[in-house]
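# what follows is a predicted structure for the sequence shown.
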Amino acid sequence: MSTLPVTRRTLLRQGGAVVAGLSVLRLSGPAGAFQDSGGEVIPWLDQPDPNPVPEVIVQQLAWEDLDDWITPTEDFFVIDNFGSEPVLTENDWSLEISGLVDTPLTLTLADLQARERQEVTATIECSGNSGLPFLTGAVGNATWAGTSLASLLEEAGVQEAGIEVVYWGADSGEQVWREATLTEHFARSMSLIDAMDPNNLVALEMNGAPLTAAHGFPARIIAPGWYGSMNAKWLTRIEVRDSRYQGNFMARDFVTIREEERDGETVWTFTSVRHDRLKSAPAKVTKQGDGYQIMGAAWGAPIAGVEVRIDDGGWQPATLTTGKGEEFAWVF
Ligand SMILES: Nc1nc2c(c(=O)[nH]1)N[C@H]1C(S)=C(S)[C@@H](COP(=O)(O)O)O[C@H]1N2
Ligand SMILES: [Mo]
């Protein structure tokens with residue numbers, strides 16, 4: 001088996017020094033339809049470590065297999081923080097919009113399907129991707145469809161005191177808080193201002209089909225531009241509150257810890273995982289005659305250009321193929 005003397009790490013450019021991304025995964029790639037390139041695929045030398053938590057990191061993208069700009073649903077990475085996937089049925093499920101609203105709503109799947117349909121193609125990356133040695137393929141790109149989150153909140157009528165919107169999942173597990181052991185649901189939150197962004201969806205579909213159980217059936221949040229964790233799966237309740245929500249997945253997990261220098265003193269800062277950061281990755285290298293073709297992806301912001309270098313060589317401009325001009329999707 002032939003290998004190139006390069007590793008993905010030599011090519012990966014990452015902004016900022018992330019010291020630790022707890023419960024945050026990082027990585028991702030794509031292709032301007034790489035299946036067209038032909039040639040022998042050269043396996044990466046830096047393969048991910050064995051996955052120590054297969055019930056949490058259920059599936060990852062295999063970069064060498066990446067062909068499609070839209071990641072097929074069956075290849076899309078799956079992360080279940082509680083290590084379980086609730087199986088919800090249409091008949092037993094409804095979505096509550098409650099808390100500080102004038103008119104609490106209870107919506108069935110049919111009610112949601114009957115609303116105005118909105119679609120977005122968005123790349124989702126787990127915030128821990130490429131930050132852990134066994135997590136390198138937690139990124140994918142899909143077309144999501146559903147209905148506008150802002151329109152639901154408007155219809156319920158958010159009260160004056162409402163500043164925070166919490167997305168509750170059906171999944172739960174035990175969490176220890178000091179001396180108490182509690183059963184806590186997956187719940188993520190953002191400010192009302194962020195929640196009202198017209199791009200946010202209560203998504204019912206992925207790549208033209210109903211969400212699969214693994215990806216959150218019957219409904220999930222899709223917040224384009226945010227790291228994966230904000231896209232709560234198996235959504236049961238959207239709740240408006242009057243203060244910041246501080247459950248496990250806001251206060252302890254999905255916290256980014258960075259070292260900063262201030263007047264010669266080292267200070268650690270703790271911030272909430274929020275929007276995607278600009279990132280690129282070489283996805284796949286193929287042997288083409290005497291040379292090699294390097295294919296890769298860039299995401300996390302609208303991409304104007306990508307440059308590549310090998311070891312200490314010069315930076316060379318890459319050709320942008322699929323995804324140019326997309327606001328939320330990766331560019332190959
Ligand atoms: N209810 C619920 N939603 C969840 C999670 C979860 O564990 N439970 N994991 C989050 C995380 S950390 C990520 S990265 C994305 C992954 O979405 P996917 O499994 O559809 O790829 O879902 C998010 N939504
Ligand atoms: Mo994640």
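It's in. Ligands and ions are numbered 1, 2, ... in the order given.
# all helices for this protein, in order.
Under the criterion DSSP state H, helices of the chain are mapped to 8-11, 109-113, 149-156, 192-195.
# looking at those, spot the one closest to His215.
Across the helices of the chain, His215 has its closest neighbour in helix 109-113 (15.2 Å, Cβ to Cβ). (Glycine included, C-beta is placed from N, CA and C.)
# so can I have a markdown table of the helices of the chain showing mean neighbour count?
Shown next, in a markdown table, are the helices of the chain (neighbours: other Cβ atoms under 10 Å):
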| stretch | mean neighbour count |
| --- | --- |
| helix 8-11 | 16 |
| helix 109-113 | 15 |
| helix 149-156 | 18 |
| helix 192-195 | 16 |
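# of all these, which lies closest to Pro282?
helix 8-11 (4.5 Å).
# what is the rounded mean pLDDT of that closest one?
If you average the pLDDT over helix 8-11, you get 38.
# do the same with stretch 248-263
Taken as a whole, stretch 248-263 carries a mean pLDDT of 95.
# dump that stretch to PDB, keeping only the CA atoms.
What follows is stretch 248-263 as a C-alpha-only set of coordinates in PDB (Å, rounded to 0.1, in the frame of the first residue of the first chain):
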ATOM      1  CA  ASN A 248     -25.200  20.300  32.000                       C
ATOM      2  CA  PHE A 249     -25.000  20.900  28.300                       C
ATOM      3  CA  MET A 250     -24.800  24.700  28.700                       C
ATOM      4  CA  ALA A 251     -22.800  25.100  31.900                       C
ATOM      5  CA  ARG A 252     -20.400  22.100  31.900                       C
ATOM      6  CA  ASP A 253     -20.400  20.600  28.500                       C
ATOM      7  CA  PHE A 254     -19.800  22.600  25.300                       C
ATOM      8  CA  VAL A 255     -17.600  25.000  27.200                       C
ATOM      9  CA  THR A 256     -14.500  26.100  25.400                       C
ATOM     10  CA  ILE A 257     -11.500  26.700  27.600                       C
ATOM     11  CA  ARG A 258      -8.700  29.000  26.400                       C
ATOM     12  CA  GLU A 259      -5.600  30.300  27.900                       C
ATOM     13  CA  GLU A 260      -5.100  34.100  27.600                       C
ATOM     14  CA  GLU A 261      -2.200  36.300  28.600                       C
ATOM     15  CA  ARG A 262      -3.200  39.500  30.400                       C
ATOM     16  CA  ASP A 263      -0.400  41.800  31.600                       C
END
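# got the buried residues for that stretch?
Residues Asn248, Phe249, Met250, Asp253, Phe254, Val255, Thr256 are the ones in stretch 248-263 that count as buried (16 or more other Cβ atoms under 10 Å).
# any idea how far Ala145 is from ligand 1?
Ala145 sits 15 Å away from ligand 1, going by Cβ to the nearest ligand atom, to the nearest Å.
# quick check, stretch 172-184 touching ligand 1?
No. Legend: contact between stretch 172-184 and ligand 1 by Cβ under 6 Å from any ligand atom is lacking; minimum distance shown is 9.2 Å.
# buried ones in that stretch?
Under the neighbour-count criterion of 16+ other Cβ under 10 Å, stretch 172-184 has Ser172, Gln175, Glu184 buried.
# what's in contact with that stretch?
Residues from elsewhere that reach stretch 172-184 (Cβ atoms under 8 Å, 6 or more residues apart in numbering): Asn81, Phe82, Gly83, Ser84, His185, Phe186, Gly247, Asn248.
# ok, so of those, who is nearest ligand 2?
Sorting the contacts of stretch 172-184 by distance to ligand 2 puts Asn81 at the head of the list, at 7.5 Å, by Cβ to the ion.
# re the thing from before, what is the nearest of the buried residues of stretch 172-184 to Arg262?
Minimum distance to Arg262 across these is 33.0 Å, recorded for Gln175 (Cβ to Cβ).
# what sits closest to the closest one if chain neighbours are left out?
Leaving aside its sequence neighbours, Gln175 sits nearest to Glu184 (Cβ to Cβ, 6 or more residues apart in numbering; 4.5 Å).
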